[in-house]
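In: Would you be able to build a 3D model of this:
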Amino acid sequence: MHHVFVTGAAGFIGSNFIDRLLAEGVRVTGWDNLSTGQIRFLDGANQHPNFRFIRGDNLDLPSLKNAMQGADFVAHFAANADIRDGWKHPEKDLQQNTMATFNVLEAMRENGVRRIAFSSTGSVYGEALVTPERPTPETDSFPIQTSLYGASKSAGEGLIAAYAEGGQIDEAYIFRFVSILGERYTHGHVFDFYQQLIAHPDHLRVLGNGTQRKSYLYVQDCVDAILHVARQATAKNARHHTQIYNLGTPEYVQVNASIGFICAELGLTPRLDYTGGDRGWIGDNPFIFLDTRKIQETGWRPQLTIAQGIVRTLRWLKANRWVYDTRH
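Out: Now for the predicted structure:
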């Protein structure tokens with residue numbers, strides 16, 4: 001891993017990943033169309049001699065092929081992650097997730113890039129059978145998709161596996177994330193709840209009934225996991241050239257508990273107004289809890305608990321309220 005091409009470079013996870021690579025002496029080319037990414041997230045990277053940023057779209061295959069020249073590893077983070085409003089613009093998931101991933105793979109083939117890390121999602125499991133005693137393992141099938149986002153990411157996984165098994169890629173690492181928290185976070189429940197509490201500290205609207213159970217992972221733990229696995233090259237000598245890993249913490253919290261962490265940090269006791277039902281929107285999974293034993297067996301462990309990740313996220317948002325003015 002000497003020259004990494006990062007899609008979604010100005011996004012939440014992509015920009016944190018880039019900072020880590022540059023700190024470790026890796027050359028990086030960042031690629032982003034800035035539709036949701038924030039160029040300010042790359043302020044530090046843009047001062048680094050080993051970084052080059054190119055504004056471009058994954059749907060522009062000729063430009064993507066040209067930009068990827070010289071890379072030896074691709075980290076593909078770019079995606080449309082708007083699960084809640086997916087049915088308002090259904091074509092966006094197909095184009096920005098599935099077709100974009102196809103174009104990334106074609107650009108890799110054109111340039112002879114043989115290694116990729118792909119940010120997938122726990123949403124590919126749909127309504128998987130999951131209990132506190134049985135978190136969802138990587139081996140679970142997912143025949144029933146519950147969101148366009150999950151379906152489009154599942155299709156991207158399939159394309160990557162086909163390219164790998166077809167001899168076009170030597171090593172493919174697919175990471176199925178829970179929701180990621182931390183610095184530069186601009187999408188999700190902590191962002192939304194804090195935005196409400198800025199506007200009206202005395203009450204908070206909560207989608208669903210607050211009993212939804214979710215798992216979360218701190219962004220630096222996420223970056224650690226991806227680099228840890230890729231540098232071990234776990235797919236290199238495996239039977240299959242595609243390796244899939246769940247990424248999360250071995251715990252989950254109710255939405256109500258998360259609200260408690262947020263309000264305690266802010267010193268607020270708002271009235272909670274629930275919209276009702278066991279899920280917040282169409283496609284919302286009321287219980288997300290991934291089995292992370294496979295990646296833990298490689299030696300990786302998360303360093304922060306969910307509560308710690310929520311508090312760090314909130315503190316970053318408090319110090320960077322400009323993101324609420326610039327969010328697209």
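In: what's the least confident helix or strand in the protein, going by average pLDDT?
Out: Within the chain, no helix or strand scores below helix 90-93, which has a mean of 83 by mean pLDDT, DSSP states H and E.
In: Report the buried residues of it.
Out: Neighbour counts over helix 90-93 (16 or more other CB atoms under 10 Å) mark 92-93 as buried. C-beta: built from backbone N, CA, C; applies to glycine.
In: all helices of the stretch 151-300 of the chain, in order?
Out: 189-199, 219-232, 255-266, 293-296 (DSSP state H, counting those that start in this stretch).
In: Return the most buried member of those.
Out: helix 219-232 (a mean of 20; mean count of other CB atoms under 10 Å).
In: List the contacts of it.
Out: Contacts to helix 219-232, defined as CB atoms under 8 Å, 6 or more residues apart in numbering, come from residues 1, 12-13, 16-17, 20, 73, 75, 115, 117, 171, 173, 175, 177, 180-185, 243, 245, 247, 249, 295, 298-300, 302-304.
In: Let's see the pLDDT reported for the residue lying closest to residue 102 once chain neighbours are set aside.
Out: Closest residue to residue 102 apart from its sequence neighbours, by CB to CB, 6 or more residues apart in numbering: residue 159 at 5.6 Å. The predicted local confidence for residue 159 comes out at a pLDDT of 97.
In: cool, and residue 234?
Out: Note on residue 234: pLDDT of 68.
In: in stretch 1-20, what counts as buried?
Out: Neighbour count says stretch 1-20 has 1, 3-20 buried, by 16+ other CB under 10 Å.
In: Likewise for stretch 29-49?
Out: Buried, per 16+ other CB under 10 Å, within stretch 29-49: 29-33, 36-38, 41-42, 45, 48.
In: What of stretch 58-73?
Out: Of all the residues in stretch 58-73, those buried under the rule 16+ other CB under 10 Å are 58, 61, 63-65, 67-68, 71, 73.
In: now these in CSV, with secondary structure, distance to residue 111 and pLDDT?
Out: Formatted as CSV, the buried residues of stretch 58-73 follow (DSSP: H, G, I helix; E, B strand; the rest coil; distance: CB to CB, whole Å; pLDDT from 0 to 100):
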residue, secondary structure, distance to residue 111, pLDDT
58, coil, 15, 97
61, helix, 12, 98
63, helix, 13, 98
64, helix, 10, 98
65, helix, 7, 98
67, helix, 10, 98
68, coil, 5, 98
71, coil, 7, 98
73, strand, 11, 98
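In: All set, thanks.
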